[in-house]
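Participant: This is the structure alone, sequence omitted:
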């Protein structure tokens, strides 16, 4: 009796596994998420208690759907493990920042701003500038920096700096 049930049971398992694999294959591009990395972080002291970080990053949208930006926020984990969120600088102000402080170097990428649309399967280099209420020495001594990008439909992607 067991042998009589074993063959149909194994065939049924094979059919179910094939169906699950087919569904997974069909949905492979449906997960909206940005993948990428932080390329470079430049810091500058604005005064004794505040500084600015300019973060250049590269990302790819592996999904079959566009990623529309709701927000882009830079966060720093300081040496004590405290998370601090930066005040994001607008694109027009970022241009003036680079004109006023040539020590930052060139503005290589456009700022990632609200309602920017990253095309499906597209890759881009962008930047975000953020003001932090901490001295430059504390910002430079950070454990890590994270760029948090949120889609208008809810998915959140985080690009984390790899300290060398």
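Facilitator: That came in fine, so what should we check first? Fair warning: this is a prediction, and the values are worked out from it, not measured in the lab. Numbers count the residues shown, from 1 in each chain.
Participant: rest of the way, CA atoms for contacts and neighbours
Facilitator: OK.
Participant: And the strand ranked longest in the chain, what does it pack against?
Facilitator: As assigned by DSSP state E, the longest strand anywhere in the chain is strand 35-47. On a contact count with 3 or more CA pairs under 8 Å, 6 or more residues apart in numbering; DSSP states H and E, strand 35-47 meets strand 50-60, helix 136-140, strand 156-160.
Participant: hey, which of these is tucked in deepest?
Facilitator: strand 50-60 (a mean of 21; mean count of other CA atoms under 10 Å).
Participant: Which secondary structure elements does that one sit against?
Facilitator: So strand 50-60, by 3+ CA pairs under 8 Å, 6+ apart, packs with strand 35-47, strand 123-132, helix 136-140.
Participant: Could you point out the helix or strand that follows it?
Facilitator: Going down the chain from strand 50-60, the next helix or strand is strand 67-77, by DSSP states H and E.
Participant: List the buried residues of the next helix or strand after that next one.
Facilitator: Note on strand 67-77: by DSSP H and E, the next helix or strand toward the C-terminus is strand 83-85. By neighbour count on 16 or more other CA atoms under 10 Å, the buried set for strand 83-85 is 83, 85.
Participant: Run through the neighbouring helices and strands of strand 83-85.
Facilitator: So strand 83-85, by 3+ CA pairs under 8 Å, 6+ apart, packs with strand 67-77.
Participant: domains for this protein, by residue range?
Facilitator: Listed domain ranges for the chain are 1-30, 35-160 (source: automatic domain parsing).
Participant: which stretch in the ones you listed has the least confidence?
Facilitator: Lowest mean pLDDT within the domains of the chain: domain 1-30, at a mean of 72.
Participant: Return the most buried member of the domains of the chain.
Facilitator: domain 35-160 (a mean of 17).
Participant: Between the two ends of that domain, how far is it?
Facilitator: For domain 35-160, the first-to-last residue distance is 10 Å (CA to CA, to the nearest Å).
Participant: cool, and stretch 21-33?
Facilitator: End residues of stretch 21-33 are separated by 21 Å (CA to CA).
Participant: Repeat that for stretch 94-109.
Facilitator: Per CA to CA, the first residue of stretch 94-109 is 11 Å away from its last.
Participant: Please convert the helices and strands packed on strand 50-60 to a markdown table, extending it with distance to residue 76.
Facilitator: Shown next, in a markdown table, are those (distance: least, CA to CA, whole Å):
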| stretch | distance to residue 76 |
| --- | --- |
| strand 35-47 | 12 |
| strand 123-132 | 9 |
| helix 136-140 | 8 |
